[in-house]
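K.L.:
Requesting a structural model of the entry that follows:
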Amino acid sequence: MRFLRLLLLLASSLLFNAAIAQNQQQQMKTFVDGLMKKMTLEEKLGQLNLLTSGEVVTGSAVSTGVESKIKAGQVGALLNMTKVDDIRKAQQIAVEQSRLKIPLLFGLDVVHGYKTTFPIPLALSCSWDMNMIERSARVAAIEASADGINWTFSPMVDIARDARWGRIAEGSGEDPYLGSQIAAAMVRGYQGNNFSENSNILACVKHFALYGAAEAGRDYNTTDMSRVRMYNEYFPPYKAAIDAGAATVMTSFNEVDGIPATGNKWLMTEVLRKQWGFSGFVVTDYTAINEMMAHGLGDLQTVSTLALKAGTDMDMVGEGFTGTIAKSLKEGKIDLNTINTACRRILEAKYKLGLFSDPYRNCKGDRKAEIYTPEKRMEARKAATESFVLLKNQQQVLPLKKQGSIALIGPLANSRVNMTGTWSVSAELTKHPSLLEALQTEVGNQVTINYAKGANLTADSMLEINSTMFGRSLNRDAHTAAQLQKEALEIAAKSDIIVAALGEASEMSGECASRTDIGIPDTQKELLAALVATGKPVVLVLFAGRPMTLGWENEHVPAILNVWFGGCEAGAAIADVLFGDVNPSGKLTTSFPQNVGQLPLYYSQKNTGRPLAGDDKWFTKFRSNYLDVSNDPLYPFGYGLSYTTFSYSDIQLSATQFKPGGSISATVTVTNTGKYDGVEVVQLYTRDMVGSIARPVKELKGFQRIALKAGESKQVTFTITENDLKFFNSELKYAAEPGEFKLFIGGNSRDVKETGFSLL
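P.N.:
Residues are numbered from 1 along each chain as shown. Below you'll find the model as predicted:
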């Protein structure tokens, strides 16, 4: 009886909540219906128009006559404003000087933090810590909304498997399962449960779709793939973000099936809205409508009409909608209902944000104390320590002892402005310490820190300029490479250990930062070789926005700590890890190639009809391999060392078979066999041995972060259900097929324990 009463109470609660939601939906419809009846065609098209203030540069075009257009009701949103007073003034123009007083949206690329910057997204993903990742987005939303911003162009959820592509830094790596978990976490962090709190902002999932698969790793380039691959490997993170409630979606620059995404009706209407149930609005990327002309799709009027009819609702900066759609309507090339639908979607977003009730809710300037606080910076510091990946630690060079002397050498050792990484457009570039300053603070008078720049970023001065844009200059030294290296070697000679801070500058990855050579740049590599030749222990602190080719470094450098770009507290976080205050726990979310010729490279490959035989040979004639290098990555997906070591028991299954609707559990015992407390990311993979289509050799299906004290053991259990085994077949039906499966558990995708089971 008690159980029945609980069920009745639960049912009543659900009905009550559903009734409230339905009532709110009706109130919104009534309000928007009334407003749209008052709107002229020009004002409706104005809501579809997103202009830039020019304050922050994220594209090649800059809007003109913005104020007069706002007064005329020809602007629905502005992007790239970061000053709360300026945002308030722009909002005042909209709600006090335009005819219908419709408030503006204010968008910005708040990609990995606002003023308090967290590690770049690729680095964040290496934490495998969903709570921390969600919290990073929450902090970003709190700070951005306090400065008037109510819309972020994030998360970027593009699957990327080619490290030449610069924007790999902005996503979560190569795996659709992990990428989906992170996409949902970011959306929850930005948007919260609803928009009643003024610290919640609209998330914008980008770039829909397939942008990370650009040919040759060259930004904005063509993408072409089968729909089976789209649904199984590239679509899942987008859908996960939609399922988590993402309010907006951004189109990608590439084409899909020969039609640019911005004008692709199958993508924007059939998939996004009909199949996935998305009800928010779609915005283009920067001038993406105009760029369809270069794709060869027609003049501005033609491509603008194509985009609007496809399901794109808002035009970023291009002004193709406001400039041509009225003419297309008059000529019968588009109907009024299509325009009304797009306008309604944008007005509904503003209504949900509460802007019609209080258009100044985010720009009163009364929340500045919430920005860049010591508490938030400490969160960023902890996040950075979780993101670092220890790639090598021969003879336990790390952690360092707080004694003697350290030579800190490299062009990135004393650069504050590069610490935050790419897409940190609102970061406080000079308020945080450089690595040199952080190490000096950490060790005080316990250790002597001897510093030398040692090399410029690269021998090519123009390449250095292009790699240090947006105020990220490394202040190129006029001395010759030989002179800089000589100074570094003199510093090294009087030090006990060498810490080499080398790698990429922050703008060597990111948008329009594709590279055909993804190794450490020339002069830095020469410096590193000279430092190793001294015979003293060398720790390579690697700054990177992508997987890099580190074959020589892996062979010759005793210790390599990949610190990516760790955000505003990167310097302090690096010090925490170098000296062992924090034990590194990051695990790679991208495979590191042996050389660039292996790209694209990813662990979840499919076998060819002529795979290698599985023995120790890495070359066999008439098999799928290279003459000059093995098929293996240098560092596999999921890889990352610790100052301690972990052992795994054999896998124990609760059963070796199960029926649809059932499940089995898989358990391993993980033991910390070293001398330090540590965190391990335990990873579960499966393989479908026989399918109606070729299936990957491994697929990530679960993971758990566990903390273990030295000598401690824990049992880790995963539950496997039919849903974990589903995939899209050749008819794009999503189902699990009965048969044999392999199951793997381990600390990375290569080093695993293995067993098997059957789905009946």
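K.L.:
Mind checking the pLDDT average for stretch 157-171?
P.N.:
Stretch 157-171 shows a mean pLDDT of 98.
K.L.:
Tell me the gap between it and the middle of its chain.
P.N.:
From the chain centre to the centre of stretch 157-171 is a distance of 8 Å (CA atoms, centre = their mean, to the nearest Å).
K.L.:
can you check stretch 318-337 too?
P.N.:
35 Å.
K.L.:
do the same with stretch 502-509
P.N.:
So, by CA atoms, centre = their mean, the centroid of stretch 502-509 is 17 Å from its chain's centroid.
K.L.:
same thing with stretch 389-406?
P.N.:
29 Å.
K.L.:
before we move on, what about stretch 745-760?
P.N.:
For stretch 745-760, the distance to the chain centre is 27 Å (CA atoms, centre = their mean).
K.L.:
same check, this time on stretch 497-505
P.N.:
That offset, for stretch 497-505, works out to 24 Å (CA atoms, centre = their mean).
K.L.:
Can you show me the strands along the stretch 551-700 of the chain?
P.N.:
559-562, 646-648, 652-653, 657-658, 663-672, 678-688, 699-708 (DSSP state E, counting those that start in this stretch).
K.L.:
Tabulate those (a markdown table), appending mean pLDDT and mean neighbour count.
P.N.:
Yep, even glycine has a C-beta here, placed from its N, CA and C like the rest. Shown next, in a markdown table, are the strands of the stretch 551-700 of the chain (pLDDT from 0 to 100; neighbours: other CB atoms under 10 Å):
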| stretch | mean pLDDT | mean neighbour count |
| --- | --- | --- |
| strand 559-562 | 98 | 24 |
| strand 646-648 | 98 | 17 |
| strand 652-653 | 98 | 14 |
| strand 657-658 | 97 | 16 |
| strand 663-672 | 98 | 18 |
| strand 678-688 | 98 | 22 |
| strand 699-708 | 98 | 18 |
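K.L.:
Of all these, which one is nearest Asn131?
P.N.:
Across those, Asn131 has its closest neighbour in strand 699-708 (9.2 Å, CB to CB).
K.L.:
Other residues contacting the closest one?
P.N.:
Strand 699-708 is contacted by residues 128-129, 175, 177-178, 585, 604, 638, 646, 670-672, 677-687, 714, 716, 718, 720, 724, 749 when judged by CB atoms under 8 Å, 6 or more residues apart in numbering.
K.L.:
Need the strands of the stretch 551-700 of the chain in CSV (columns: distance to Asp85).
P.N.:
Below are these laid out as CSV (distance: least, CB to CB, whole Å):
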stretch, distance to Asp85
strand 559-562, 40
strand 646-648, 53
strand 652-653, 62
strand 657-658, 61
strand 663-672, 53
strand 678-688, 43
strand 699-708, 42
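K.L.:
So which of the ones you listed is nearest Ala18?
P.N.:
Closest approach to Ala18 among these is made by strand 663-672 (30.1 Å; CB to CB).
K.L.:
Counting by contacts, list what that closest one packs against.
P.N.:
strand 646-648, strand 652-653, strand 678-688, strand 699-708, strand 713-721, strand 739-746, strand 752-759 (3 or more CB pairs under 8 Å, 6 or more residues apart in numbering; DSSP states H and E).
K.L.:
Would you reformat the ones you listed as CSV and include distance to Leu78?
P.N.:
Converted to CSV, those look like this (distance: least, CB to CB, whole Å):
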stretch, distance to Leu78
strand 646-648, 50
strand 652-653, 57
strand 678-688, 41
strand 699-708, 40
strand 713-721, 46
strand 739-746, 49
strand 752-759, 50
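K.L.:
Centroid-nearest residue for the protein?
P.N.:
Centroid check for the chain by CA atoms, centre = their mean gives Gly171 as the closest residue, at 2.5 Å.
K.L.:
That one contacts Pro121, correct?
P.N.:
Yes: shown here, Gly171 and Pro121 form a contact pair, counting by CB atoms under 8 Å, at 5.8 Å.
K.L.:
if I look at those two, which residues touch both of them?
P.N.:
Common neighbours of Gly171 and Pro121 (CB under 8 Å, 6+ apart) are Met156.
K.L.:
Correct me if wrong, but Leu398 is in a helix.
P.N.:
No: if the criterion is DSSP: H, G, I helix; E, B strand; the rest coil, then Leu398 is coil and not within a helix.
K.L.:
who's in contact with it?
P.N.:
Contacts of Leu398 by CB under 8 Å, 6+ apart are 390, 539, 559, 561, 578, 580, 643.
K.L.:
ok, and the most crowded of those residues?
P.N.:
Among those, Leu578 has the most neighbours (other CB atoms under 10 Å), with 26 neighbours.
K.L.:
Hmm, Leu561 and that one touching each other?
P.N.:
Yes: here Leu578 lies in contact with Leu561, judged by CB under 8 Å, at a distance of 7.2 Å.
K.L.:
residues shared between the contacts of those two?
P.N.:
Joint contacts of Leu578 and Leu561 (CB under 8 Å, 6+ apart) are 398, 539, 541.
K.L.:
hmm, back to that, minimum distance to Leu355: which of the strands of the stretch 551-700 of the chain has it?
P.N.:
Here strand 699-708 is closest among those (CB to CB), at 38.7 Å.
K.L.:
centre of the chain versus that closest one, how much separation?
P.N.:
20 Å.
K.L.:
heads up, I number from 50, so please use that
P.N.:
Understood, numbering begins at 50; the last thing we discussed is strand 748-757.
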